[in-house]
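>>> build me a structure from this.
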Amino acid sequence: MNYPAWQIKTAEPNSEQVLAEAGCGVLLRRVLAARGYDDAQVVHQLLEPGGELSDPFLMKDMDKAVARIQQAIEEEEPIVIYGDYDVDGISATAILYECLSSQGAHVRCKLPTRGSGYGLTRQALESLAQKGFSLVVTVDNGISAIEEAACAKELGLDLVITDHHLPGETLPQAVAVVDPKRADDESPFKDLCGAGVAFKLCAALEGCEPTELLEMYGEFVALGTVADVMPLVGENRVLVREGLNLLQDTMRPGLQALLESGGYAGKPVTTDTVSYGLAPRLNAAGRMDNASVALKLLLCGDEEQATGIAARLAEINIERQQTEQEVFAAACHTLEADPARLRDRVLIVSGEDWHAGVIGIVAARLMERYSRPVIVISMHEGEGRGSGRAPDTFDLHGALAGCAEYLIRYGGHAAAAGIEIEEERLLAFRQAINEWAAQNAAKPAPATLQLDAPATLEEISLENVRELGRLAPFGRENPTPVLLVRDAIVDGVWAMGAEGRHTRVRLRQGNHTLFASVFGTAPQKFAYPVGAAVEAALEVSVFTGRNGPMVSAHLKAIRPANLTNTPSEQAAWFEAFCTGAVLEPARAEALLPDRADTVMLYKRIRSGQVFAGDLQPTFAAQGPENAGKMLASLAALRELGLIEEQDGRWLPVPVAQKQDLAAAPVLRRLAQQAAKQ
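Residues are numbered from 1 along each chain as shown. The predicted structure is shown next:
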């Protein structure tokens, strides 16, 4: 388990007073002040509905794109919209298809498959040219298609590129290249998604203010923006807020069927609804089947047909979940069957014919589980296609560039990347990327849990929480506020959800109580008994149930009261040691337990007090300054086969003879590093 360092934001002096005079309640003004707001007028613009969207013609080449598309419409040329297989690409395709169709264009849509690869391909362009198309308009792709653009020119295809990804040093040769991230683009907002750029193109084609088209296309733009994890600030905030309002009572049969299929009809539609409910279903089509199924649903105008397509997407999503679980389990087994692998700073794991549509998700889950960069590779007939994910502190693209000689090709960015590799080079690649990490990557540091503001349970009232909701929509760069409640008592613990897989906790401060949910942890695995003094990190919202509106709280994190961040720092150093880092002798010595430390931990394990999923109560009991020694002792007991995990707790294993604790490999390695002067 990760043990992030809790960091509470600090506000500028007098900011809260300014916001209080502007009419902001206690929770809202604390969060706003912590996020750097100290101007009443700016806050008013942030919180009030509506907002401005910039002129689409401020985007470089927008005039050229509009002129060429209008020429095609007037001359009845067939137009192809070339999209992508993710939610953003599908949404962008749907927006432009509806716009061009409404203007009388002869238009067709082309979505690639994962098997054919991302973006434009020579094969696809040749096929389109043979079928008589003369204009291709890309959405959500094309900015890096240098060779493919040259191919289109050779084939007599005019190309209009609309994209939002970062360009390389050279732009593709095309009639127009519309991308807000172009170095010479002077439009004011740079963080549109592919659907957002397509929406701006439609406004330019219609010759109207973009806000006038929100009622027509707002739902699709919101889907693409949220699903592509774009910053929910500036123009994106306007697009998503208005789009979610439309989605709440959508008139589109396809979207209504999607909401009903997921169990969201009649419930408040938020960014979480899109991220965890709608987007996975739409994405599943591109991952497991064909993205055109999802596009068909978005464009569907018949309720009965839409219900059938939504049901099919639900089936595909279940298949995706099952496949993902199988690949994840196989990857974990492969890694844990070889302890040497788990000491790698970068985890490389491969399997034969793992489904290419889920390896990216599996890499993300493995990164979360093992707290380090992961590349998952699906092998087929001697060649592998891999997908990698990395935490913020690691430059995955830089690591791949440093090991390019071992790869057929690679691409991506610091946090996510893809590779192709020959099977015979896997071992050398694993060694090379870990050598690169040892030389170039920063030592592992504790993750951080950002806390917006302190609050008491009395202050977390229905009125204050409802006002805090004015900051929505929440997402990247505008996250759901996290409140810090200090000096609370666990007043009750109950099972929650199907089969009791989640936990409901009642917190108490004096005469005030609050119920909070803990997802993914059953009550028997919850490490805090009734009566425990804790501090809690809470996300709060308003839930309307049978008895009317009430405060709903999610327990984002919990730890013993007054624990401090010392265990987080020591856990990060112990993780660095476990992944091959050579520690300074003093640091290694600080992590090296003596026999008394290990015996003390073992006694707690025998009494059933050590929870495998959360060691923080044990850190508090044995002293926060001894957290590193406790982790080393726990690792040693595991290596010697003296303990095992049973139903969420570490428990003793019966042994026939005494074991020499000093013989544990982890303690021997620590002792060796501590002895070096």
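>>> C-alpha coordinates for stretch 340-357, CSV please?
Below are the C-alpha coordinates for stretch 340-357, written out as CSV (Å, rounded to 0.1, in the frame of the first residue of the first chain):
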residue,chain,number,x,y,z
ALA,A,340,14.1,-10.3,-8.7
ARG,A,341,11.6,-8.6,-11.0
LEU,A,342,10.0,-6.8,-8.1
ARG,A,343,13.3,-5.2,-7.3
ASP,A,344,13.3,-3.5,-10.7
ARG,A,345,12.7,0.2,-10.8
VAL,A,346,10.8,-0.2,-14.1
LEU,A,347,8.6,-3.3,-14.3
ILE,A,348,8.6,-5.0,-17.7
VAL,A,349,6.0,-7.9,-18.0
SER,A,350,4.9,-9.7,-21.1
GLY,A,351,2.5,-12.5,-22.1
GLU,A,352,1.6,-14.4,-25.2
ASP,A,353,-1.4,-12.8,-27.1
TRP,A,354,-2.6,-10.6,-24.2
HIS,A,355,-5.4,-8.5,-25.6
ALA,A,356,-3.9,-5.3,-27.0
GLY,A,357,-7.0,-3.3,-26.1
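>>> give the buried residues for that stretch.
For stretch 340-357, the buried set under the neighbour-count rule, 16 or more other C-beta atoms under 10 Å, comprises 344-351, 354-357. All C-beta spots, glycine's among them, are computed from the backbone N, C-alpha and C.
>>> looks like Ala291 contacts Ser91 (just checking).
No - counting by C-beta atoms under 8 Å, no contact exists between Ala291 and Ser91, whose distance comes to 11.1 Å.
>>> which one of those two has more residues nearby?
Between Ala291 and Ser91, counting by other C-beta atoms under 10 Å, Ser91 is the more crowded of the two (37 against 26).
>>> so how far is Val349 from that one?
Using C-beta to C-beta, to the nearest Å, one gets 33 Å for the distance from Ser91 to Val349.
>>> and the residue most central in space within the chain, which of the three is it?
For the chain, the residue lying nearest the average C-alpha position, counting by C-alpha atoms, centre = their mean, turns out to be Val229 (7.4 Å). Going by DSSP: H, G, I helix; E, B strand; the rest coil, the secondary structure assigned to Val229 is coil.
>>> which residue is the nearest non-sequential neighbour of it?
Nearest non-adjacent residue to Val229, counting by C-beta to C-beta, 6 or more residues apart in numbering: Arg476, 5.4 Å away.
>>> let me see the contact set for the one you found.
Counting by C-beta atoms under 8 Å, 6 or more residues apart in numbering, Arg476 touches 229-232.
>>> by pLDDT, give me the weakest of those.
Scanning the contacts of Arg476 for pLDDT, the low point is Val229. It has 90.
>>> surely it meets Asn478?
No - using C-beta under 8 Å, Val229 is not in contact with Asn478, being 12.0 Å away.
>>> just checking, what packs against the helix or strand of the chain with the lowest mean pLDDT?
Every helix and strand of the chain was ranked by mean pLDDT, DSSP states H and E. The lowest is strand 409-412, at a mean of 82. Based on contacts counted as 3 or more C-beta pairs under 8 Å, 6 or more residues apart in numbering; DSSP states H and E, the elements that strand 409-412 packs against are helix 396-402, strand 416-422.
>>> in the first one, which residues are buried?
Applying a neighbour-count criterion of 16+ other C-beta under 10 Å, the buried positions in helix 396-402 are 396-400, 402.
>>> so where is the protein shaky, pLDDT-wise?
Along the chain, segments meeting pLDDT under 70 span 1, 115-117, 444, 677.
>>> repeat the analysis, applying 80 as the threshold.
When residues are selected by pLDDT under 80, those of the chain lie in 1-2, 114-118, 289, 339, 412-413, 442-445, 498, 580-581, 656, 676-677.
>>> longest helix of it?
Longest helix in the chain by number of residues, with DSSP state H as the criterion: helix 303-336.
>>> can you select the buried ones among the contacts of Arg476 for me in ChimeraX?
Remark: buried members of the contacts of Arg476, expressed as a ChimeraX selection using 16+ other C-beta under 10 Å:
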select :230,231,232
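>>> what is the nearest of the contacts of Arg476 to Thr521?
Each of the contacts of Arg476 was scored against Thr521 by C-beta to C-beta, and Val229 proved nearest at 25.6 Å.
>>> and Gly254, how many neighbours?
Using other C-beta under 10 Å, Gly254 has 25 other residues around it.
>>> ok, now which ones touch it?
When contacts are counted by C-beta under 8 Å, 6+ apart, Gly254 is found next to 296-301, 306, 309-310.
>>> just checking, next helix/strand downstream of the helix or strand hosting it?
Secondary structure assignment for Gly254, by DSSP states H and E: helix 253-262. Using DSSP H and E, the helix or strand that follows helix 253-262 towards the C-terminus is helix 271-273.
>>> surely Phe328 is in contact with Ala364?
No - with contacts defined as C-beta under 8 Å, Phe328 does not count as touching Ala364, sitting 10.1 Å away.
>>> SS state for Leu214?
The three-state label given to Leu214 by three-state DSSP is helix.
>>> how about the helices in the stretch 451-600 of the chain?
In the stretch 451-600 of the chain, the segments counted as helices under DSSP state H, counting those that start in this stretch are 462-468, 566-578, 585-591, 595-606.
>>> single out the most deeply packed of the ones you listed.
Scoring the helices of the stretch 451-600 of the chain by mean neighbour count under mean count of other C-beta atoms under 10 Å gives helix 566-578 as the most buried, with a mean of 22.
>>> send the alpha carbons of that helix over as CSV?
Extracted as CSV, the C-alpha positions of helix 566-578 are listed here (Å, rounded to 0.1, in the frame of the first residue of the first chain):
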residue,chain,number,x,y,z
THR,A,566,7.5,10.7,8.8
PRO,A,567,6.3,7.1,7.9
SER,A,568,5.6,8.3,4.3
GLU,A,569,9.2,9.5,4.0
GLN,A,570,10.6,6.3,5.4
ALA,A,571,8.3,4.1,3.3
ALA,A,572,9.6,5.9,0.2
TRP,A,573,13.2,5.2,1.1
PHE,A,574,12.4,1.5,1.8
GLU,A,575,10.7,1.3,-1.6
ALA,A,576,13.7,2.8,-3.2
PHE,A,577,15.9,0.2,-1.5
CYS,A,578,13.6,-2.6,-2.6
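>>> which residues touch that helix?
Counting by C-beta under 8 Å, 6+ apart, 2-6, 342-343, 371, 443-447, 583, 587-588, 590-591, 616, 619, 624-625, 627-628, 631-632, 635, 666, 669-670, 673 sit against helix 566-578.
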